[in-house]
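K.L.:
Quick one, structure for this:
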Amino acid sequence: MSPGPAPLLEVRDLDVSYGPVQVLFGVDFAVAEGEVVALLGTNGAGKSTLLKAVAGLLPPDRGSIRLGGHDVTGRPADRVAHLGGSLMPGGKGVFPTLSVGDNLRLAGWMLRKDRDALEEARRGVLDLFPILDERQGQLAGDLSGGEQQMLSLAQAFMTRPRIMMLDELSLGLAPTVVASLLDVVDRIHDTGVTLVIVEQSINVALRLARRAVFMEKGEVRFEGPTDELLARPDILRSVFIAGAGSVVADQQGRTRRAGPKPAGRTRAHRSRSDGAVLETFEITKRFGGIRAVDGVSLALGKGEIFGLIGHNGAGKTTLFDCISGFLPLDGGRVVFQDTDLTELPANARATAGLGRSFQDARLFPGLTVEETIAVALERHLESRDMVAAAFWLPATEESEWKAGRRVDELIDLMGLRAYAEKLTGELSTGTRRIVDLACVMAQDPPVVLLDEPSAGIAQKETEALGPLLQRVQAHTGCSILIIEHDMPLLSSLCDRMACLELGSVIAEGTPNDVLTHPRVIESYLGTDDTAIFRSGKAGARRRRPRTANVR
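P.N.:
Sure, this is the predicted structure:
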C-alpha cells in the first residue's frame, strides 16, 4: 500500500524559546491540504508561538518545519509567505495610522510588480468585506474592533495563500461580527485555502473545524476528531484560573456552590432611588461630528453587578473612559457616592474609590506577581517617611508587614499562589488579567469597572471567571460595572444589563429582558448560536458539516 500524500504543513519535534524561557517542547503538528484544523489549548500553552515559528517570525531551537514540501525551518517570514503561508496575528493586526486602502496595498506587497493582479486581489477581499470598501479612506485605527479584525483577515487573504493561520478570530468582538466572520472564513475555505485556527472559544473553533489539536504547557496533549475532544473532560478543564465551581460565601455568611444564575433571576432589582453608588446623568461625548456617547444615564446599586453590552464601536469603552476621567465630558454628570466627579481628573476619581481595568492588562513585566500587587498597595502604606524607610524603623517595618499580609490575602483570593514569584511578563493572558484585577482590588474600591475581562482567555477559563468574580464581589462587597461579549458569562453573573447602540441605551433591565429584546437581537446578538454562546455547552453545534477541499 503506497503512502498518502505528504502534508501541506509538517512540524516535527519543535522547540521554541523566548530568551531563557522555553515555550514549545518537541511539538509535532501536521495539516493536510484543504483541511480546517482547530489549534486549541490553555492560555500560555504555546499556540501563538507555534504559528509564529511556522510563519518565520520566531527561530526554533530544535526541530523542523516543512511547508509544501519545502524546508522553511528558521527561514525568514518573506520566504514562508512566497511559499503560500499567511498569518493573521491575534489582537492588533493593522497599521492604525494608515488608511484602510493603504493597509490593503501593503498587504499586496508580493503582487506589487503586477498592478492588474494587485487590483484583482484588492477587489476580491473587498467583495468579502463590503464595509472595508466604504472605509477605504478612513484610518485603520479609527475602525471599530470588528472592522479592524475584518481588515486583518483581508490582509492575510490578499495574496491567495495556500494555508492561512488565524490567531484569535473572535477576540473582543460582538456576536453579530463573529457570525459574519465565520461566514467569511467558510467562503475562504471554499476557495481551497487550508486553515489553521487558534481560538480561545472552543465552541467557535469547532464550528469551523472537524479536527482539533489541543496544547498544554508547550506540548500536544490531544490530536483527533473534534467530537472526541468534546468527550475528554480531563483535557477541557480550567487550568490557570482557580475557583471554578468553588464554594463561596454569600452575603449572609452561608456557603453556596458558585454557578450560573438562571437568565433574568437577580439578587435584587435596584432603581436609581435605591442607594445607587454610581450614577451617570445624560453623559455625552463627541469626536468631531460623531456622538460616541449620546445622553447615557445609568445607575449602579450597592453590591450590584451590572453588565454593559453592545456592538463594537457602540461607545461602551468610551463611556468607561468618561466615567473614570480619562476623557472630558461634552455634557452630563458623573456622581459617585453622592459626590459629583464630573470635573475631577482620573487620579482623583481613583483615589475616591473608583477602580478600573482595561482591555489590555497593564502590568510591570519585570516585576513578580507579589511585587506588582505590592506596588498597587503603595498609597495604602501607613508609614511613608523616607528617613524611616532608609533606617528601617519600627513604623516602616510594621507598615510593610501589613502590606505584605494584604498581598498574601489578594493572592489567595484570586487563586494566584502558584504564580506569586513569577514575572508578570512571563504569564499567560488569562493569568495577567487576574493579576490586573488583583491590583484593582488592592485599592478596596467600592465600584469596579471591568472592560472585557474574558477577552483573550481560554473558554474553560472564561467559564471559571464568573465564579471568581462572584467570590470577589461577595468577599469585598463592591459593585461591578462590566463590559463583556460572552453572553453565558454575563447572563449568569449580572443582576441587570444594558445594551448600547450608536452611543445610546436601547434596552435596560434583567439579563433575560435585555437578551430577548428585539432591537438587541437585531443590532447585537444576531441568530447564530455559536457566536452568541462562546462558552458553555449551548454553542457547540455547527450550522453545517465541513468537508476538506482539495486544490
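
K.L.:
And the next helix or strand past the helix or strand encompassing Ala299?
P.N.:
Using DSSP states H and E, Ala299 sits in strand 290-301. Using DSSP H and E, the helix or strand that follows strand 290-301 towards the C-terminus is strand 305-310.

K.L.:
after that following strand comes which helix or strand?
P.N.:
That would be, after strand 305-310 and using DSSP H and E, helix 316-324.

K.L.:
What helices and strands are in contact with the helix or strand just after that following helix?
P.N.:
Following helix 316-324 in sequence order, the next helix or strand is strand 331-336 (DSSP H and E). For strand 331-336, the packing partners by 3 or more CB pairs under 8 Å, 6 or more residues apart in numbering; DSSP states H and E come out as strand 276-287, strand 290-301. All C-beta spots, glycine's among them, are computed from the backbone N, C-alpha and C.

K.L.:
Just say which of those is most tucked in.
P.N.:
strand 290-301 (a mean of 20; mean count of other CB atoms under 10 Å).

K.L.:
what's in contact with that one?
P.N.:
With CB atoms under 8 Å, 6 or more residues apart in numbering as the test, strand 290-301 has contacts from 268, 270-272, 274-286, 306, 315, 318-319, 322, 331-332, 447, 479, 481, 495, 498, 500, 502-505, 508.

K.L.:
Name the residue closest to the centre of this structure, please.
P.N.:
What sits nearest the mean C-alpha location of the chain, by CA atoms, centre = their mean, is Ala455, with 1.6 Å.

K.L.:
Give me the spatial nearest neighbour of it, chain neighbours excluded.
P.N.:
What sits nearest to Ala455 in space, not counting adjacent residues and going by CB to CB, 6 or more residues apart in numbering, is Gly172, at 4.4 Å.

K.L.:
which residue ranges form the helices in the stretch 1-150 of the chain?
P.N.:
In the stretch 1-150 of the chain, the segments counted as helices under DSSP state H, counting those that start in this stretch are 47-54, 77-82, 100-107, 115-128, 130-134, 145-157.

K.L.:
Thr351 and Arg379 touch, don't they?
P.N.:
Yes. Contact criterion CB atoms under 8 Å: Thr351 and Arg379 qualify, at 7.5 Å.

K.L.:
what about Phe222, how many neighbours?
P.N.:
A total of 17 residues lie near Phe222 under the criterion other CB atoms under 10 Å.

K.L.:
show me what contacts it?
P.N.:
Phe222 sits in contact with Ala212, Val213, Phe214, Glu228, Leu229, Arg232, Ile235, where contact means CB under 8 Å, 6+ apart.

K.L.:
now for those residues, which pair is the farthest apart?
P.N.:
Val213 and Arg232 (12.8 Å; CB to CB).

K.L.:
In three-state terms, how would Leu181 be classified?
P.N.:
Following DSSP: H, G, I helix; E, B strand; the rest coil, we place Leu181 in the helix state.

K.L.:
separation between the spatially closest residue to it that is not a sequence neighbour and Gly355?
P.N.:
Among residues not flanking Leu181 along the chain, Leu169 sits closest, at 6.0 Å (CB to CB, 6+ apart). Noted for Leu169: a distance of 31 Å to Gly355, by CB to CB, to the nearest Å.

K.L.:
same thing with Thr159?
P.N.:
Taking CB to CB, one finds Thr159 at 46 Å from Gly355.

K.L.:
any idea which helix or strand comes after the helix ranked longest in the chain?
P.N.:
The residue-count maximum for a helix in the chain (DSSP state H) belongs to helix 394-413. For helix 394-413, the succeeding helix or strand toward the C-terminus, using DSSP H and E, is helix 429-441.

K.L.:
orientation of that following helix relative to helix 394-413 in degrees?
P.N.:
If you take axes from the mean of the first three to the mean of the last three CA atoms, to 10 degrees, helix 429-441 sits at 140 degrees to helix 394-413.

K.L.:
Tell me which residues are up against helix 429-441.
P.N.:
42-44, 240-241, 355-358, 361-363, 369, 372-373, 375-376, 410-411, 413-416, 419, 424, 427, 448, 450, 453, 456-458, 461, 468, 472, 476, 478.

K.L.:
ok, now stretch 402-414?
P.N.:
Stretch 402-414 is contacted by residues 242, 369-370, 373-374, 377, 380-382, 416-417, 420, 434-435, 437-438, 441-442, 468, 471-472, 475 when judged by CB under 8 Å, 6+ apart.

K.L.:
Now the buried members of those residues.
P.N.:
Neighbour-count burial (16 or more other CB atoms under 10 Å) is assigned, among these, to 242, 369-370, 373-374, 377, 416, 434-435, 437-438, 441-442, 468, 471-472.

K.L.:
Which parts of this protein belong to which domain?
P.N.:
9-230, 363-444 (automatic domain parsing).
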